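**Q** dropping the sequence and predicted coords here.
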Amino acid sequence: MSMAFKLFLLLFILSHNAYAEALYQHLGNKAQALSQQLQYNLTISPDGQGLPIGKGNATQGAKLFKQQCSSCHGPAGIGASAEPLVGEVGSLRSNYPEKTVNSYWPYATTLFDYIRRAMPIDAPFSLTADEVYALSAYILNQDDIIANDVELNEETLPKVIMPNIDGFISFYPDPN
Amino acid sequence: MTSSSIQNRRQFLKTAALSGVIAGSYSLPVIAGIDKFELTDSLPDSMKTPGQDFTNYGQPSLHEQRVIRWISANPAAPGNGVSWTPLHDLQGTITPNGLHYERHHNGVPEIDPQTHTLLIDGLVEHPLSFNIANLLRYPMKSRTCFIECGGNSNSGWRSNPIQSQAGYAHGLVSNAEWTGIPLKLLLNEAGIKPSAKWAIAEGADGASLNVSIPIEKLLDDALLALYQNGERLRPENGYPIRLVLPGWEGILNVKWLRQLRLSEHPAMTRDETSQYTDLLPDGKARQFSFINDAKSLITSPSLGMQLPDNPGIYQISGLAWSGRGKISRVEISADGGETWVDAELEGPILDKAFTRFHLAWQWQGQYAILQSRATDETGYVQPTRDVLLANRGKHGFFHYNAIVSWEITEEGDINHVYGF
């Protein structure tokens, strides 16, 4: 084959591939081990998958809340610079609906997921698993979603039924 | 010979050459008659001295320093808030990178691309990690599209019309050319298991923001963006990598992306349950309402401007966009929606991108209500505020896309009003 013909073939192959399917090298690194590491297992599912071992109750949570949360969320979880966390259960149909954790959030597992990754806002991931369970218990107990003496842990937290569990209509797939 | 006489001579020669007249002809006395002091007096300073040095990275004119993003953040947590694109000060369709809107949940992280990793795992054949150097070797595509925060224009839900400039009430939307890797290349490399329906995306910021995204969208037109308007992403827009999901609300376009975990079900994270859901009057809420419906806005004339001539001719100009496709029509009303006239759409009209519209308006000095109404290629028509509220109630908070009404007073002042 002449050099010119070889070049023609090469170009043909390249351009043909560019239109049919991109020609590229697979450069991902095998990451089975990385995928198992805690730092890549932060998301907690409603069924409790991802929850770490630990425990806490509302009494412990009340003490922590005062230290860690009340400066933004108010001494009772409502009324300061941050969003209200408690109260207003049953208000969503009213003329003045309030979307608090207890009135609006459909899953209690989201509390653990969110507190651990994002709170306190100036020191995310600074709370231990026990502390996050305790704070979750305190917030839920404020509206009697759980009793004062309930210990939240990786088994009990996913079993908590939130008042607004049936409050959402999925718009995916798009109904329009 | 003095330097000024050399200059005069040069000018002459140049003039002579251009006009084709031979040196020494009758035109000489005309050129020689220019007084150098007269020129010195009449020329602007910029023409009489060398200008500024070169710059490694250009900045806007000192005279444009008032054209800024308006920051609205929580004083107790200054990294949690937004900054608004000044749509009322801009023209064309591309948002300059320094003015692209921001929504951060806990500040802008400083990320070293040498140490940043993207992990794709969960329901895949092979969990894979990618470093930035490797990602830069993949085939890339460029896509111009808008990104709009689900909470844009949410002051519209309030019972009194907010008196903010157009961009500072509706500018949580921006439009850029994003360049990056089609997500499907990376997902296919990892091998998608049939049971995978969602991907949980997570950012490497101080909020570790996580949301669930349908795989279908990631395989369709999603990009893993590395470039924004030709340059690498700005830190506040996700450097070194972010998701771009054309037409879908901002929260899903996860910045500083560190992980995509494929799963069968959504994770029900805070930002897809307690936020970015639309509460309806019956107490139920729309969830996973990802697509930004068609919307438009007159950016000029708009609140904060003044019509100087009465009567006078004004160039009405604005932006229209839809998360469902191309804008097919924009109509303008000057009488609060009684009559409508088609605006001129400036091409090219791109899918899920800003479209600029124009219409010359001869104002006779009368009281007027200026409005724009967008229609997209699916036939969806931007609703009036009354219609939007009739469908969604008063407490939707997110996904407000109603027609915006600017009141023009007989004095040429402009106010934001409801009721049209």
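**A** That came through, no problem.
**Q** any stretches of chain A with poor pLDDT?
**A** For chain A, residues meeting the criterion pLDDT under 70 lie at A:1-21, A:176.
**Q** cutoff 50 now
**A** Within chain A, the ranges that satisfy pLDDT under 50 run A:17-19.
**Q** tally of neighbours for residue 109?
**A** This is for chain A. 27 (other CB atoms under 10 Å in any protein chain shown). Heads up, the C-betas are built off the backbone N, CA and C, glycines and all.
**Q** correction: the question concerned chain B.
**A** For B:Pro109, the count of nearby residues is 19 (other CB under 10 Å).
**Q** how close does the closest residue to it other than its chain neighbours get to B:Ile111?
**A** Leaving aside its sequence neighbours, B:Pro109 sits nearest to B:Asp205 (CB to CB, 6 or more residues apart in numbering or on different chains; 4.6 Å). Look at B:Asp205 and B:Ile111: by CB to CB, to the nearest Å, they are 9 Å apart.
**Q** common neighbours of those two, please.
**A** Shared contacts of B:Asp205 and B:Ile111, defined by CB atoms under 8 Å, 6 or more residues apart in numbering or on different chains, comprise B:Trp256.
**Q** which of those two has more neighbours?
**A** Neighbour tally, B:Asp205 and B:Ile111, criterion other CB under 10 Å: the higher count belongs to B:Asp205, 22 against 19.
**Q** near chain A, which residues of the stretch 101-250 of chain B are found?
**A** The stretch 101-250 of chain B comes close to chain A at residues B:105-106, B:117, B:119-122, B:126-131, B:134-135, B:137-139, B:185-186, B:189-190, B:200, B:202, B:206-208, B:210, B:214, as judged by CB under 8 Å from any CB of the partner chain.
**Q** mind listing the strands for the stretch 251-400 of chain B?
**A** Ranges of strands in the stretch 251-400 of chain B, per DSSP state E, counting those that start in this stretch, are B:257-263, B:278-279, B:285-287, B:295-300, B:312-321, B:327-333, B:341-342, B:344-345, B:355-363, B:368-376.
**Q** out of those strands, nearest to chain A?
**A** Checking the strands of the stretch 251-400 of chain B against chain A by CB to the nearest CB gives strand B:285-287 as the closest, at 4.1 Å.
**Q** neighbours around B:Gln91, how many?
**A** When neighbours are counted by other CB under 10 Å, B:Gln91 comes out with 11.
**Q** all helices for chain A, in order.
**A** Read by DSSP state H, chain A holds these helices, from start to end of the chain: A:3-20, A:32-36, A:58-68, A:70-73, A:101-104, A:109-118, A:129-142.
**Q** so what secondary structure elements neighbour the second one?
**A** Based on contacts counted as 3 or more CB pairs under 8 Å, 6 or more residues apart in numbering or on different chains; DSSP states H and E, the elements that helix A:32-36 packs against are strand B:117-122.
**Q** so which residues make contact with the strand it packs on?
**A** A:28, A:31, A:34-35, A:40, B:127-131, B:135, B:186-187, B:190, B:196, B:199-200, B:224, B:241, B:257-263.
**Q** buried subset of those residues, written for PyMOL?
**A** Selection of the buried residues among these in PyMOL, burial being defined by 16 or more other CB atoms under 10 Å in any protein chain shown:
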select buried, (chain A and resi 28+31+34+35+40) or (chain B and resi 127+128+129+130+131+135+186+187+190+196+199+200+224+241+257+258+259+260+261+262+263)
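**Q** touching, A:Glu151 and A:Thr59? I think so.
**A** No. A:Glu151 is beyond contact range of A:Thr59, at 10.4 Å (criterion: CB atoms under 8 Å).
**Q** so which of the two has more stuff around it?
**A** When A:Glu151 and A:Thr59 are compared on other CB under 10 Å, the one with more neighbours turns out to be A:Glu151, at 16 against 13.
**Q** what residue, apart from its backbone neighbours, is nearest the residue in chain B positioned nearest to chain A spatially?
**A** Closest to chain A within chain B is B:Leu128: 3.1 Å, counting by CB to the nearest CB. Counting by CB to CB, 6+ apart, B:Leu128 lies nearest to A:Gly28, which is 3.1 Å off, once chain neighbours are set aside.
**Q** contacting residues for the one you found?
**A** Neighbours of A:Gly28 in contact, by CB under 8 Å, 6+ apart: B:Ile120, B:His126, B:Leu128, B:Ser129, B:Phe130, B:Asn134, B:Leu186, B:Glu189, B:Ala190.
**Q** give me that answer again for 7 Å
**A** Residues in contact with A:Gly28 (CB atoms under 7 Å, 6 or more residues apart in numbering or on different chains) are B:Leu128, B:Ser129, B:Phe130, B:Glu189, B:Ala190.
**Q** which of the residues you listed sits closest to A:Phe65?
**A** Nearest to A:Phe65 among those: B:Ser129, at 38.0 Å, using CB to CB.
**Q** just the element for the closest one, please.
**A** B:Ser129 is part of strand B:128-131 when elements are defined by DSSP states H and E.
**Q** one more: B:Gly51?
**A** Using DSSP H and E, no helix or strand contains B:Gly51.
**Q** where does it land on pLDDT?
**A** pLDDT recorded at B:Gly51 is 96.
**Q** and B:Ile414, by the same measure?
**A** 98.
**Q** just B:Ser25 next, same as before
**A** Looking at B:Ser25, the pLDDT reads 46.
**Q** ditto for B:Leu13
**A** pLDDT at B:Leu13 comes out at 34.
**Q** return the distance of the residue in chain A that chain B sits nearest to relative to B:Gly180.
**A** Closest contact between chain A and chain B, by CB to the nearest CB, is at A:Gly28 (3.1 Å). Taking CB to CB as the measure, A:Gly28 falls 16 Å from B:Gly180.
**Q** how much space separates B:Thr384 from B:Gly323?
**A** 19 Å.
**Q** which of those two has more neighbours?
**A** B:Gly323 (24 against 18).
**Q** now do the contacts for the closest residue in space to the more buried one that isn't next to it in sequence.
**A** Among residues not flanking B:Gly323 along the chain, B:Gly247 sits closest, at 3.2 Å (CB to CB, 6+ apart). If you count contacts by CB under 7 Å, 6+ apart, B:Gly247 has them with B:Cys145, B:Ile291, B:Asn292, B:Gly323, B:Arg324, B:Lys352.
**Q** chain B: helices as residue ranges?
**A** B:3-19, B:28-32, B:36-42, B:132-135, B:166-170, B:183-190, B:215-220, B:270-273, B:385-392.
**Q** least confident of those, on average?
**A** helix B:3-19 (a mean of 36).
**Q** about what we covered before: in its sheet, what does the strand holding B:Ser129 sit against?
**A** If you go by DSSP bridges, strand B:128-131 pairs up with strand A:29-30 (antiparallel), strand B:117-122 (antiparallel).
**Q** quick one on the thing from earlier: tabulate the helices of chain A in JSON lines, adding columns for distance to A:Val89.
**A** Listed next are those as JSON lines, based on distance: least, CB to CB, whole Å:
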{"stretch": "helix A:3-20", "distance to A:Val89": "58"}
{"stretch": "helix A:32-36", "distance to A:Val89": "39"}
{"stretch": "helix A:58-68", "distance to A:Val89": "16"}
{"stretch": "helix A:70-73", "distance to A:Val89": "17"}
{"stretch": "helix A:101-104", "distance to A:Val89": "5"}
{"stretch": "helix A:109-118", "distance to A:Val89": "15"}
{"stretch": "helix A:129-142", "distance to A:Val89": "10"}
